[in-house]
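Undergrad: just need the structure, nothing else, for what follows:
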Amino acid sequence: MASLNDEMADVQTEIDEVRACLREEVPQLFDFDVVVGTIDYNTNNNSVTVTVEPSSEARTQLSERFGGVRVKMDDQMRFEFQFASNG
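TA: Residues are numbered from 1 along each chain as shown. The predicted model follows:
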């Protein structure tokens, strides 16, 4: 029988794997460079919230893509991913 510490370590390992996956995959969702900021696990909702900020080059990339328009970026984007159970 696994101890509570072993089970908590397993959960932490799974959370770390999800964080690594999100850091790798979320930037691929955008047509411009972004930086993944904080990744928080919410036990109450069984979800992960990811903060994404445009990189310093994103404004130039978007401007060029849309023909030289002026692009203004002030904030970050926040996404919540809900876990689904497999049971």
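Undergrad: alpha carbons only for contacts and neighbour counts from here, please
TA: Noted.
Undergrad: next secondary structure after the longest helix seen in the chain?
TA: The helix that spans the most residues within the chain, counting by DSSP state H, is helix 4-25. Counting by DSSP states H and E, the next helix or strand C-terminal to helix 4-25 is strand 34-42.
Undergrad: quick one: average confidence on whichever helix or strand comes after that following strand?
TA: The C-terminal neighbour of strand 34-42 among helices and strands, as given by DSSP H and E, is strand 47-54. Averaged over strand 47-54, pLDDT sits at 91.
Undergrad: put the alpha carbons of strand 47-54 into PDB.
TA: Taking C-alpha atoms only, strand 47-54 is exported to PDB below (Å, rounded to 0.1, in the frame of the first residue of the first chain):
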ATOM      1  CA  SER A  47      -8.100  22.600 -13.800                       C
ATOM      2  CA  VAL A  48      -4.900  24.300 -14.800                       C
ATOM      3  CA  THR A  49      -4.700  28.100 -15.600                       C
ATOM      4  CA  VAL A  50      -2.100  29.300 -17.900                       C
ATOM      5  CA  THR A  51      -1.000  32.900 -18.400                       C
ATOM      6  CA  VAL A  52       0.300  33.800 -21.800                       C
ATOM      7  CA  GLU A  53       2.000  37.100 -22.800                       C
ATOM      8  CA  PRO A  54       3.000  38.200 -26.300                       C
END
